[in-house]
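Visitor: Any chance you can model this:
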Amino acid sequence: MKTEIIEINALKRAGEIIRAGGLVAFPTETVYGLGADALNGAAVKKIFEAKGRPSDNPLIVHIADKNQIPLLAREMNAAAKKLIDAFMPGPFTIILKKQGNIPDEVTAGLDTVGIRFPSEKTAAEFIAAAKTPIAAPSANISGRPSPTRAEDVIFDMDGRIDAVINGGACGVGVESTIVDASGPVPVLLRPGGISLEELQSVVPETIADKNIMQTVSENEKPRCPGMKYRHYAPKARVVVVEGEKEPVQKKIRELLEENKDKIAGVLTMYGNVYDSAVMICGGATNTEYAKNLFAALRDFDKLGADIVFAEFNENDGCGAAVKNRLYKAAAHNIIRCCAK
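Guide: Predicted structure coming up:
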């Protein structure tokens, strides 16, 4: 089966595929999602098969209208309503107690469901054309960097899915912020384009989960995507070198010398100053870094890198999101540099 490429002026076709129980990859403002009819358990199973995704890793349900939330969630407290009003549509997912019409395949048997209303125009039009909520994780082989370009989806999923909507590059570049609002206190489970500080400006009691910068244990059930399994990893080994500019660059030069027998790459924040490495600029700010991160990790693979040293400094609001993805991509192989 050859994966069909659908242009954004032909979304009716994409909706037909979804209603027939097929899989369609689609662009959002964060990353490309791999969508199926969220109310069709058999269709949702195909997502896990196509990605090689563990069945205990829950999916997010995407909607095109806030009025669809009561059809998916049976409870919504005051804090949840405030967060929805402030951040939907946008790069934000809220976890609520689920309605009985949500198949267990979507929620991995949990009593809750993640709901997202993308702000990306193509995504909203696609969901409307499908005439059903769309269950979707990122449109990549499980564990690989999430796709932010249609070409990345095709590289991983050609022949595994029915179609991909060609919507260009994604604007945010990392997956949505996820907040569990099913209990009395909202809990940030995954950082994204919306920071903890922004969440707390709307609901001050919002807290961050202990597992954001670590992996949940083998016997613990993940409450949202991205908490348990290795994620975002290219073929190359990734090492995060964290800190201020001068000590980070000094350390990476030492590491390049130690690894001169390998094809080494550097993902830079501070500028292209390494003569002996393949260099890709992540961005001078973490907002830029987030947008470019996954594409850069995939491009290092295309360039044949054996090892990638990633400069990082958590110096602005999007830093937690970049840190979360980098740490997971590097399997928590981190070198912290202190200025002297």
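Visitor: From now on I want contacts and neighbour counts done on CA atoms only, so please keep to that.
Guide: OK.
Visitor: A strand includes residue 178, no?
Guide: Yes: counting by DSSP: H, G, I helix; E, B strand; the rest coil, residue 178 is found in a strand.
Visitor: Can you verify my assumption that it contacts residue 90?
Guide: No: using C-alpha atoms under 8 Å, residue 178 is not in contact with residue 90, being 11.5 Å away.
Visitor: Among those two, which residue is more densely surrounded?
Guide: Each of residue 178 and residue 90 has its neighbours counted (other C-alpha atoms under 10 Å); residue 178 has more, 24 against 20.
Visitor: Pull the contacting residues for that one.
Guide: By C-alpha atoms under 8 Å, 6 or more residues apart in numbering, the contact set of residue 178 is 92-95, 114, 188-192, 224.
Visitor: So what does the residue nearest to residue 97 when sequence neighbours are not counted have for phi and psi?
Guide: Closest residue in space to residue 97, ignoring its immediate chain neighbours: residue 112 at 4.2 Å, by C-alpha to C-alpha, 6 or more residues apart in numbering. According to degrees, to the nearest 10, the main-chain angles of residue 112 amount to phi -130, psi 160.
Visitor: who touches residue 112 in this structure?
Guide: Taking C-alpha under 8 Å, 6+ apart, we find residue 112 in contact with 95-98, 182.
Visitor: Kindly report the same for residue 16.
Guide: For residue 16, the contact set (C-alpha under 8 Å, 6+ apart) comprises 129-130.
Visitor: Wasn't it part of a strand?
Guide: No: looking at residue 16 with three-state DSSP, it is helix, so not inside a strand.
Visitor: Make 519 the starting number, not 1.
Guide: That works, and once the first residue is 519, the last one we named lands at residue 534.
Visitor: Just the buried ones out of the contacts of residue 696, please.
Guide: The neighbour count (16 or more other C-alpha atoms under 10 Å) marks 610-613, 632, 706-710, 742 as buried among the contacts of residue 696.
Visitor: still on that earlier bit, so the residue nearest to residue 615 versus residue 542, what's the distance?
Guide: Using C-alpha to C-alpha, to the nearest Å, residue 630 is found at 24 Å from residue 542.
Visitor: next one: residue 695
Guide: 23 Å.
Visitor: circling back: make JSON lines from the contacts of residue 630 and add pLDDT, distance to residue 578 and secondary structure to it.
Guide: As requested, the contacts of residue 630 are exported to JSON lines (pLDDT from 0 to 100; distance: C-alpha to C-alpha, whole Å; DSSP: H, G, I helix; E, B strand; the rest coil):
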{"residue": "613", "pLDDT": "98", "distance to residue 578": "9", "secondary structure": "strand"}
{"residue": "614", "pLDDT": "98", "distance to residue 578": "11", "secondary structure": "strand"}
{"residue": "615", "pLDDT": "97", "distance to residue 578": "13", "secondary structure": "strand"}
{"residue": "616", "pLDDT": "97", "distance to residue 578": "12", "secondary structure": "strand"}
{"residue": "700", "pLDDT": "96", "distance to residue 578": "15", "secondary structure": "coil"}
